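Colleague: Give me coordinates for this.
(2 chains)
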Amino acid sequence: MSAHHSDPLQNPEVQQGSTLRFATAFLASVLFMGAALLVSQHKLPFLEFAEILVGLTFLTLAAQATLFFGLDISRAQIWKSVSLILTVPLFIISVGLTVWAFSSLYSRTMLPANEVPSMSMPMDSNATMSMPAQQTLLQ
Amino acid sequence: MQVDLQDPWSPLFGRLTLDSIPYDNPIIVGTFLGAATIGLIVVAAVLYYKKLPYLWREWLTTVDHKKIGVMYIILGLVMLFRGFVDGLMMRTQQVMAVGPDSPGVLGAQHGFLPPFHFDQVYSAHGTIMLIFAATPIMAGLGNIIVPLQIGARDMAYPYLNAVSLWLTTAGAALIMLSLFVGEFSNAAWVGLMPLAELPYNPGVGVDYWMWAIQLSSLGTTFNAINIIATIVKMRAPGMTWFRMPVFTWVNLSTSIIGLTAFPVLGVALSLLTADRYLGTDFFTVGHGGNFMLYIDLFWIWGHPEVYFLILPPFGIFSEIVPTFSEKPLFGYLTMVAASFAIAGIGWSVWAHHFFTMGMGPDLNGYFSSATMLVGIPTGVKIFNWLFTMYRGRITFTTPMLWAVMGIFLLLFGGFTGMMLSAPAINYTVHDSVFVIAHFHCMVLVVAVGAFAAVAYWWPKVFGFKLDERNGQFFFWTFTLASIVVFVPMFGLGLEGETRRLDYVFNPQWRPLLIAEEVGIVLYCISVFYFLKMIYVSLRDRVPAGDDAWGTGRTLEWMTHTPVPFYNFAVTPQINALDELAWRRENGLDKVKPQTFVPIHMPSNTAVPVIIGAMAMALGFGMIWRIWWMAGAALLAIVVAVIARSFDKNQGYILTAEEIAKFESKTELASMIAEQPKRTPLDHVEAH
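Modeller: Sure thing, here's the model as predicted:
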């Protein structure tokens, strides 16, 4: 138990924080999330959209890590910063392999669009399915 | 926007109505009467013997890592019993419901459980066994033993430790409550998608499952943080990294897994919560959602969770095998490296749980190879245990028997795991009971590890050994039961029996199902011997020495038996790996400190148990959509946390005279001894 425990407001981490930094971190996060919302309203190629989204996510994370959590390489914070960096491989593994797994999932598991009767078409007893689609379903 | 449900809702009781109580179900009513009777007997006994103040002051509000560990284990054992009863019901249902001519009772067309009830039973069984039985037991063991093995006075954050326990308890209480108020999830312990989504599951079952896991996983994450901080910061002088016992090492690797993996589960469940409460589409097929994304997120946590559970038993075996072989552990460094290799690889194999999703041969190949890689460090461990036993002076006491059984089970589970890691085989037996038999071999390693650890460290905690004769009966009946249940299950899986069947269509499978039922009866007998072992041990209380087994090697066996609440009267100076063995070899094991310095101890606090109770109320409010209750409980938690921050109680000082008295009469400082009320400090200097 250290002397700082007597008064939580004297804790070095609490002392390190400031209203201005907290407010800036909050505003930055809102700003980047707002930007992501705006981008999502526009039709963009998937890759470009994903790149922008990932970029904005990193900016948000950086703003929160530096301004809100005050992570840096000072003696007080170095181990927290290192701990955060050590989780990066896990992000790469989990996000990377997930992207890989899901990138071709639709085409592997769903019928090609041109082989599925459109839902907008009137479905009646005479509606037919294309031959390849029937074969795929029968397999 | 909040999802508008069709069933009745009132501001005061939310979705809760009298119809939510299943008083028309004889099984549940019987269970309730049984549980209520046992509860009343316990409460009456506590009141009759006037133990309520003792229970509150010494246990419920404690921050002592050993008492918290014991409560974790008691919680785990209670839940283990509940999960076992679920297993018993499942096996009995399957053996009764074979073929179209099988009769039905209690409203079931076949067997005694209607499908909806059966689905809840297997969902509860999996959830309870993994998250509310195995996890708390392992967390409890880590809590008790790790500080003792590294020469620490307590965990790094004693208060947080109590919060972890009570959050886990809150989750477990919600699961128990779901038996009598409402229903439990019928979407399996994993939360099958899209079955767990609101349109397919509009009841409260999935919500019970979701909130129970969410709360307990918070507790587990806090516990992981605590264990890491304790090992990194609280080691005694001279306890360098490579003098730490393997059990401590595996707890470090386990906690790293816990700290990194459990947040993923939290995210997955939070997104599912958003789907069910706010109408988002993360895991539905609407608006670009994808239910396989849930499966992916779940197993990103789920597979590391497997190693989170299996690594501590590896550490337990690594302590027991040298003690009862009277030899140092073979290959200490490789054992440590293997623990971290397993933890690391364990993070990159999760998709082998859903090879059949259709992610393609490249990725299947990657996950298959990565899964096979786990076999290398695991094999290293097995060989190290065998080489430790080789030419050792082996004593087959109960803990050693459990450890050896654990190694055999690991081989069975490991080899069948290797089979399943090949996608071609995996596609063939996917969702069959072959997979169930495989992973039960693995989780049985956790169970036998827990039994081994309880038998091994019991004397250190309570001051007397568990009864050996009944312990061996317990071991042999449990072993026989495991063989009789799971060997036929492998066969049924290869014959094509799929998992989670409430009705077995193929009468030719009946003989093997009967064999499984016989195994379950043997498990019941083993439970009897377990209870008898505890009863006889408590009755006889044969005192054990400080080094209860006479061949202990690590630091915990240097403390008094039972270990005093301050652990070490004087912080030990560590000289070697296997400190006690080193001291014994150098004639120093009997040397005791003569002078003492005051010890600064943390005071007990009621805040964690209040947080736990409020967390349960928060969960209950959210499950039944009683918004005022959820809001008030959340507010109470926030207020309690803030109030605690400004608490001026800085613990108390145990004087040198008191320590000297305790050292001469150790029973006064034991875990069950009542301590006098001590004046708290309001200011301490840093030390």
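Colleague: from what I can see B:A274 touches B:F283, true?
Modeller: No: counting by C-beta atoms under 8 Å, B:A274 sits too far from B:F283 to count as a contact (9.4 Å). From N, CA and C alone the C-beta is placed, and that goes for glycine too.
Colleague: Show me which of these two is the more surrounded one.
Modeller: With neighbours defined as other C-beta atoms under 10 Å in any protein chain shown, B:A274 and B:F283 compare such that B:F283 has more, 24 against 15.
Colleague: show me what contacts that one?
Modeller: For B:F283, the contact set (C-beta atoms under 8 Å, 6 or more residues apart in numbering or on different chains) comprises B:193-194, B:197, B:271-272, B:275, B:289-291, B:293-294.
Colleague: In a strand, it, correct?
Modeller: No: using DSSP: H, G, I helix; E, B strand; the rest coil, the assignment for B:F283 is coil, not a strand.
Colleague: Setting the sequence-adjacent residues aside, check what's closest to it.
Modeller: B:Y294 (4.2 Å; C-beta to C-beta, 6 or more residues apart in numbering or on different chains).
Colleague: do the same with B:S421
Modeller: Spatial nearest neighbour of B:S421, chain neighbours left out: B:T371 (3.7 Å); criterion: C-beta to C-beta, 6+ apart.
Colleague: Neighbours of B:I653, how many?
Modeller: When neighbours are counted by other C-beta under 10 Å, B:I653 registers 16.
Colleague: same question but for A:S74, I mixed them up
Modeller: 10.
Colleague: Against chain B, how distant is it?
Modeller: Counting by C-beta to the nearest C-beta, to the nearest Å, the separation of A:S74 from chain B is 18 Å.
Colleague: Pull out the buried residues from the longest helix seen in chain A.
Modeller: Using DSSP state H, we find that the single longest helix of chain A is helix A:19-40. Within helix A:19-40, the residues that count as buried by 16 or more other C-beta atoms under 10 Å in any protein chain shown are A:25, A:28-29, A:32, A:35-36.
Colleague: Could you do stretch B:184-197 as well?
Modeller: B:184-194, B:196-197.
Colleague: so where's the stretch 201-350 of chain B shaky on pLDDT?
Modeller: Scanning the stretch 201-350 of chain B for pLDDT under 70 picks out nothing.
Colleague: For residue 102, which three-state class applies?
Modeller: Let's take chain A. Using three-state DSSP, the structure places A:F102 in helix.
Colleague: Correction: the question concerned chain B.
Modeller: Per three-state DSSP, B:S102 ends up coil.
Colleague: which one is it nearest to, not counting chain neighbours?
Modeller: In space, and not counting its chain neighbours, B:S102 is closest to B:H110: 4.7 Å by C-beta to C-beta, 6+ apart.
Colleague: Between the buried residues of helix A:19-40, which sits nearest B:L654?
Modeller: Closest approach to B:L654 among the buried residues of helix A:19-40 (C-beta to C-beta): A:A25, at 43.4 Å.
Colleague: Surely that closest one touches A:A65?
Modeller: No: applying C-beta under 8 Å as the test, A:A25 and A:A65 come out as separate, 9.0 Å apart.
Colleague: Tell me where the stretch 501-650 of chain B has helices.
Modeller: B:510-540, B:579-585, B:607-623, B:627-645 (DSSP state H, counting those that start in this stretch).
Colleague: dump the residue contacts of A:L105.
Modeller: By C-beta under 8 Å, 6+ apart, the residues touching A:L105 are B:292, B:357-359.
Colleague: okay, those in a markdown table with distance to B:G552 next?
Modeller: Shown next, in a markdown table, are those (distance: C-beta to C-beta, whole Å):
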| residue | distance to B:G552 |
| --- | --- |
| B:M292 | 50 |
| B:M357 | 49 |
| B:G358 | 53 |
| B:M359 | 49 |
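Colleague: out of those, who has the most neighbours?
Modeller: Going by other C-beta under 10 Å, B:M359 tops the contacts of A:L105 with 25 neighbours.
Colleague: residues touching the closest residue in space to B:K465 that isn't next to it in sequence, list them.
Modeller: Sequence neighbours aside, B:P459 is the residue nearest to B:K465 in space, at 4.7 Å (criterion: C-beta to C-beta, 6+ apart). For B:P459, the contact set (C-beta under 8 Å, 6+ apart) comprises B:465-466, B:544, B:548, B:561-562.
Colleague: a markdown table for those, including neighbour count, distance to B:T220 and pLDDT?
Modeller: Shown next, in a markdown table, are those (neighbours: other C-beta atoms under 10 Å in any protein chain shown; distance: C-beta to C-beta, whole Å; pLDDT from 0 to 100):
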| residue | neighbour count | distance to B:T220 | pLDDT |
| --- | --- | --- | --- |
| B:K465 | 22 | 30 | 94 |
| B:L466 | 23 | 27 | 95 |
| B:A544 | 18 | 31 | 91 |
| B:A548 | 20 | 30 | 93 |
| B:T561 | 22 | 30 | 89 |
| B:P562 | 24 | 27 | 90 |
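Colleague: Closest one of those residues to B:M210?
Modeller: B:L466 (37.7 Å).
Colleague: close enough to count as contact, the closest one and B:T398?
Modeller: Yes: B:L466 lies in contact with B:T398 (C-beta under 8 Å); the separation is 7.0 Å.
Colleague: and residue 127, what pLDDT?
Modeller: Since no chain was named, I'll use chain A. Per-residue confidence (pLDDT) for A:A127: 40.
Colleague: not what I meant, chain B
Modeller: 95.
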